[in-house]
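Novice: Here is my input; please provide its structure:
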Amino acid sequence: MSMRRSLVAGTLLVVLGFGVAACGDDDGGTVRDVSEDDGSGSASGSASGSASGSASGSASGTEEAPCTPVGEELEGDASETVEVTLTEYAFDPSSITVAAGVVTFAAANEGGENHELAFLPGGGDVPLTADGAPDEAALEDAGAFELEGFGPGQTCNATYELEPGTYTLFCIVEAADGETHASKGMLGELTVE
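Specialist: All right, here's what the predicted structure looks like:
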């Protein structure tokens with residue numbers, strides 16, 4: 001089952017109601033869809049990185065997830081398109097710098113598993129529970145948001161209006177061995193100037 005929602009991010013402004021979801025099957029976590037809240041399709045937060053929303057991971061299994069683009073209506077306003085390759089278990093490039101404003105991320109899944117492109121405002125470590133599972137409450141509190149997970153061989157776009165700050169890039173899909181992709185090294189950093 002697929003999850004849909006987005007965030008109120010501490011250091012960003014995400015414009016447009018968009019879906020965010022875990023890669024693969026739902027682990028039971030939920031993410032709020034901005035467009036369901038007030039119809040404005042926008043959200044903002046403080047520079048501290050505290051806000052609400054979440055990203056969640058789940059078993060990638062063998063079922064290939066479809067691409068669900070984010071922010072299609074904003075793509076024409078994007079000042080920049082950043083190509084990001086997702087593989088086991090890395091982002092390429094792993095360090096990205098963009099100007100504040102509307103940015104499109106063209107995420108190409110060149111791996112053999114479902115992957116997501118998730119963002120943690122404020123940077124830092126992705127919060128996990130003691131058993132290594134994604135900490136849904138902490139991710140929600142931090143304002144994490146994501147491009148819904150999608151399967152191998154697909155390119156999926158996500159367009160956001162971003163405010164200056166640092167964001168951790170991550171994928172918390174659960175691999176067959178039970179570890180998240182982030183714990184296997186699928187991490188990066190986005191700097192918005």
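Novice: Every contact and neighbour count from this point should use C-alpha atoms.
Specialist: Will do.
Novice: mind listing the helices in the protein by residue range?
Specialist: Along the chain, the stretches classed as helices by DSSP state H are 34-37, 136-142.
Novice: and residue 112, how far is that from residue 173?
Specialist: 13 Å (CA to CA, to the nearest Å).
Novice: now residue 89
Specialist: Taken as CA to CA, the span from residue 89 to residue 173 is 10 Å.
Novice: Find residues that contact each of these two.
Specialist: Common neighbours of residue 89 and residue 173, using CA atoms under 8 Å, 6 or more residues apart in numbering, are 181, 182.
Novice: So for those two, which sits in the more crowded spot?
Specialist: residue 173 (32 against 19; other CA atoms under 10 Å).
Novice: The more buried one touches residue 181, doesn't it?
Specialist: Yes: using CA atoms under 8 Å, residue 173 is in contact with residue 181, at 5.6 Å.
Novice: tell me which residues in stretch 75-82 are buried?
Specialist: 75, 80, 81, 82 (16 or more other CA atoms under 10 Å).
Novice: Setting aside sequence neighbours, what's the nearest residue to the third one?
Specialist: Spatial nearest neighbour of residue 81, excluding adjacent residues (CA to CA, 6 or more residues apart in numbering): residue 104 at 4.6 Å.
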